[in-house]
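Participant: All I have is the shape, not the residue letters:
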DNA sequence: ATTTAGACCTGTCAGC
DNA sequence: TGCTGACAGGTCTAAA
């Protein structure tokens, strides 16, 4: 679900709201969400740790904890993070009354009698939708950091700080870093025979692009998604580099792309879906040339492009 | 060595 | 109304 802009947006919100706070403990409602270390160790080690800093690495959200540890959170398709104010109780009664439903939905949330209901109702997290909570971090000040994930693909891991190479294996250069440029992209694409879109999705050449922003970046660069990665001209690579930086930067500025599931830390949807040029725009007219946007399947992923401005063959 | 299908999961929506 | 199939912001692994 979230690609680089959504992760970055959440990271910025977390940075201004939880740095300096202590994680009292964690509640895990779906064990497989914890990818490392095994659950008992994870619970033991994460408890009573101060959150020192928030970072992002590709699509990973990173919470640096005291004691040279870091939490990495990868939301995959449907993961979300919500910061719940103090004053809400976790209702786990479903665990006993309907174990099957509990397994898919997890706990629900109830306002305690002490909660100011006006404050509660103005909060953007739809508490009906915060079902599918998989992990809850109880903060020392009473707030809760909720990890929700209907499809259960996301993973949360806890690593020593010197294990970044393992934790982020295969994650390539950061596209919004000043160190990233067209020359670096050229080297990363050299010798890659696969379709350029597949290479972009693989994270190794450049980190953080997913299905939405890969399609959008290729459109901005006027490059057909099926072009062989090593066939791009220097001009095309320069355009692709600019396109990647552009779509990601705009995505962050618009608060991320929400077309169904993604919400920010406060439960708000982002606006970036209103700015899609090709992604899920098949059947509509290209804003540049007026051709009809097409959808194909590439590496089992829906792929959207303009056949008018993104040509497969040179004429 | 690469490509590709399958696995992991659940919800939603279109069509019959 | 139900049922079925396609599809969804991702990544890993086994088989071809």
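Facilitator: That came in fine, so what should we check first? All values reported here derive from a predicted model rather than from experimental measurement.
Participant: Near DNA strand C, which residues of the stretch 201-315 of chain A? Just list them.
Facilitator: Residues of the stretch 201-315 of chain A found near DNA strand C (C-beta under 7 Å from any atom of the strand) are A:201, A:203, A:210-212, A:257-262, A:280, A:297, A:300-302. Where C-beta positions appear, they are placed from N, C-alpha and C, glycine not excepted.
Participant: how about a cut-off of 10 Å?
Facilitator: The stretch 201-315 of chain A has residues A:201-204, A:207-215, A:256-263, A:269-270, A:272-273, A:279-280, A:282, A:295-297, A:299-304 near DNA strand C, with proximity defined as C-beta under 10 Å from any atom of the strand.
Participant: and DNA strand B, which of the residues you listed reach it?
Facilitator: For DNA strand B, the contacts drawn from these by C-beta under 10 Å from any atom of the strand are A:202, A:260-261, A:297, A:299-301.
Participant: If you rank those residues by neighbours, which is first?
Facilitator: residue A:261 (19 neighbours; other C-beta atoms under 10 Å).
Participant: so it touches residue A:151, yeah?
Facilitator: No - judged on C-beta atoms under 8 Å, residue A:261 makes no contact with residue A:151 at a distance of 9.2 Å.
Participant: can you list residues touching both of those two?
Facilitator: Listed contacts common to residue A:261 and residue A:151 are residue A:78; contacts here mean C-beta atoms under 8 Å, 6 or more residues apart in numbering.
Participant: what about the helices in the stretch 201-315 of chain A?
Facilitator: With DSSP state H, counting those that start in this stretch, the ranges of helices along the stretch 201-315 of chain A come out as A:211-220, A:234-253.
Participant: Now do the same contact list for the nearest residue to residue A:190 once chain neighbours are set aside.
Facilitator: Distances taken as C-beta to C-beta, 6 or more residues apart in numbering place residue A:230 nearest to residue A:190, at 6.1 Å, with adjacent residues excluded. Contact analysis of residue A:230 by C-beta under 8 Å, 6+ apart lists A:189-193.
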